[in-house]
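Trainee: Here is a sequence together with a model predicted from it:
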Amino acid sequence: MPAEKFFSLPRQWKQSGLLALDLCFIPLAFWLAVVARWGGLIYEFKVVDLVAIMLTMVFSAAFFLRIGLYRAVIRFMGQQAIITIIQGVTVSAVILALAAFLTRSGVPRSTPIIYWATALILIGGSRLLLRSLYHSVYTKQGVKAVIYGAGVSGRQLLNTIFHGGEYQTAAIVDDDPALVGSVINGVSVYHSSQLSDLCTEFSISHVFLAMPSASHLRRREIIDELEGLPVYVKTVPDFADLMSGAAKVGQLQDIELADLLGRDTVPPDPELIDQCIRDKVVMVTGAGGSIGSELCRQIVLCQPKELILFDISEYALYQIVRELERSKAKGEHDIRITPLLGSVQNQARLESIMTEFAVNTVYHAAAYKHVPMVEYNVVEGVSNNVFGTLAAAGAAVKAGVEHFVLISTDKAVRPTNVMGASKRMAELLLQAFASKYDNTGFCMVRFGNVLGSSGSVVPLFRHQILNGGPVTVTHKDIIRYFMTIPEAAQLVLQASAMGKGGDVFVLDMGEPVRIVNLARRLIRLMGCEVKDKAHPKGDIEIHFTGLRPGEKLYEELLLGDNVTGTGHPKVMRAEESLLPEDEIDRYTQQLKEACDKNDCEAIQQTLQQAVAEFDAKDGISDAIWTRRMENGLIEASVAEDNVVTGNFPKVT
């Protein structure tokens, strides 16, 4: 098309073309002004009139270039560009009046005023026409979309889309009857009840939710309405991200599970958070992980004296430190950040750090949490989760740390895998420490899956859908609890202030989610149809791969029904059984001996004895152990001779 060829020309050519067009508009505007003044189409120009016109053209063009009239990109022309045009035309009219006076032209004195109006229409109107032509050419090629929400965010999103060209906004819908029937930037506003008809009428393929301040519950209601439509649903960032500057209204993102769950967070209690953080030296182990890094982000906003970041992964530590330093440079906080590398199993290093930096509060988030990975690496999983906790707690006692908080998991409740059993063992260890040492307050915070963590199911499903499927689900009946990382971190910080010694806090995770239903919803909300027996022509299949080693169908948060409130609506205190110190002593030494010998059978047997609810129904999946079994190097009953007595590690 000629229009497309013009818009694809080099910018310098387009600027030269606009300048030439304006030089043509100046004499045309002068002629129209004179004609309007005399009321006839014929006017005999004198030499002095032509000289006045030439002077006006030269000096007007120079001024237009001086004020940057041709620097504005036509398709992005806004208020400032219009003001520049008015300034340029006004000065051009003054130049015409001066030129007519100096050349003693016989044009009436009202001509420059009429010239101002006609030149403004020609010069300004030409740009508006080109802008409209550009968008008529390119937006017709964009994907047709509907914006849900006619408020400020909806209008800003419409403006962003208008300038982008990737999408074509066919309509706007809103729940407010007062807005229905209005027109915003040429786009009509309809009631949300008409959305289904609009999708059919305009062949809509995308719906954008522009309601960042709406509650998650309201967004879930809207998503439920959209789920049955064959459209790809995206949303602008939520209000918190917009206020913090982490996102902009014009950015579009996929539907998050937080919107699907409809969970609205409870505002944090500043007094609870301040007790363990404000003006204190705080240390986070596993600071580069999903939960650890979010704890760090929120801790720096609570005004600690100093934040110690501890992690074994150099890259993970580098990433979170760089992020925190960037936020510090922006003036979001002024906290001293100290990154330290090391293993949580090295008690001497932990003790040295906690002592030298006079640490007041430790959040112990360092752990191996991926169930299949720990099943394949039993020794390392137990060493890190059990003995890492033991070393960190021992160092905390010796260094005089005031508060020690273990980040636990719902998989510690009636575990069927080594990861869950090792975390429950870590809980039992801390309960033993709490009963033995009074100077350090020990507590545990237990919760389920967090959205966006490493290995989270939602990014995996989305990736599989974008690649055409299939979406893989382990079992049709598997369910899980979910919570956002920021909400989990906030509740951990608040729960830590409520600990009295050996407390097990459980976070309110809401209702569990059936994973296969989640997969189906994501498929539909990404504009596809589930392919199954009832819909053989669908787009995306769901494949059931079977439960992985140690994986359960249902997760739980409590061992029993003995639970009490804490004064916080999202935090509960579980009253659970303890193990006597001599038993903890014996089981710890057995685990240590078994880990030193790489004896996975002894490890499993000891965990089953220590954690009464542990049911290792899938046997041992450790990669080295199974290879030895295959090669006939070990027999299945070696664990019987691995009972070792010893003393519970004392803290002096």
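Mentor: Ah, there it is.
Trainee: hmm, which helix or strand of the chain has the shakiest average pLDDT?
Mentor: Least confident helix or strand of the chain, by mean pLDDT, DSSP states H and E, is helix 239-244 with a mean of 50.
Trainee: Strands of the stretch 501-650 of the chain, start to end?
Mentor: Secondary structure of the stretch 501-650 of the chain by DSSP state E, counting those that start in this stretch: the strands cover 503-507, 513-514, 530-531, 540-544, 563-565, 571-574.
Trainee: Quick check, residue 546 in contact with residue 474.
Mentor: Yes. Using CB atoms under 8 Å, residue 546 makes contact with residue 474 at a distance of 6.2 Å. For every residue, glycine as well, the C-beta is placed using N, CA and C.
Trainee: Neighbour count: those two, which is higher?
Mentor: When residue 546 and residue 474 are compared for neighbours, residue 474 comes out ahead with 17 against 8, by other CB atoms under 10 Å.
Trainee: Check the gap between that one and residue 362 for me.
Mentor: 35 Å (CB to CB, to the nearest Å).
Trainee: Same question for residue 327.
Mentor: Per CB to CB, residue 327 is found 23 Å from residue 362.
Trainee: higher neighbour count, those two?
Mentor: Between residue 327 and residue 362, counting by other CB under 10 Å, residue 362 is the more crowded of the two (31 against 17).
Trainee: The more buried one belongs to a helix?
Mentor: No. Going by DSSP: H, G, I helix; E, B strand; the rest coil, the assignment for residue 362 is strand, not a helix.
Trainee: Identify the bridge partners of it.
Mentor: Beta-bridge partners of residue 362, counted by DSSP bridges, are residue 283, residue 404.
Trainee: How many neighbouring residues does the residue nearest to residue 616 when sequence neighbours are not counted have?
Mentor: Once flanking residues are discounted, residue 616 sits nearest to residue 604: 5.4 Å by CB to CB, 6 or more residues apart in numbering. The local packing of residue 604 (other CB under 10 Å) involves 22 other residues.
Trainee: do residue 481 as well
Mentor: A total of 21 residues lie near residue 481 under the criterion other CB under 10 Å.
Trainee: so how many other residues sit close to the nearest residue to it once chain neighbours are set aside?
Mentor: Using CB to CB, 6+ apart and skipping the chain neighbours, the partner closest in space to residue 481 is residue 448 (3.2 Å). If you count neighbours by other CB under 10 Å, residue 448 ends up with 22.
Trainee: So residue 448 is in contact with residue 509, correct?
Mentor: Yes. Under the criterion of CB under 8 Å, residue 448 makes contact with residue 509 at 4.8 Å.
Trainee: so what sits against both of those two?
Mentor: Taking CB atoms under 8 Å, 6 or more residues apart in numbering as the contact rule, residue 448 and residue 509 both touch 410, 481, 482, 483, 557.
Trainee: Among these, give me the pair with the biggest separation.
Mentor: Using CB to CB, those reach their maximum pairwise distance at 482 and 557, which is 12.5 Å.
Trainee: quick one on the thing from earlier: give me the lowest-pLDDT entry from the shared contacts of residue 448 and residue 509.
Mentor: Lowest pLDDT among these: residue 557, with 58.
Trainee: sorry, back to before: tell me, what's touching residue 482 and residue 557 both at once?
Mentor: With CB under 8 Å, 6+ apart, residue 482 and residue 557 have common neighbours 448, 509.
Trainee: Those two: which is more packed in?
Mentor: Per other CB under 10 Å, whichever of residue 482 and residue 557 has more neighbours is residue 482, with 25 against 20.
Trainee: separation between the closest residue to that one other than its chain neighbours and residue 512?
Mentor: Spatial nearest neighbour of residue 482, excluding adjacent residues (CB to CB, 6+ apart): residue 449 at 5.2 Å. Residue 449 sits 10 Å away from residue 512, going by CB to CB.
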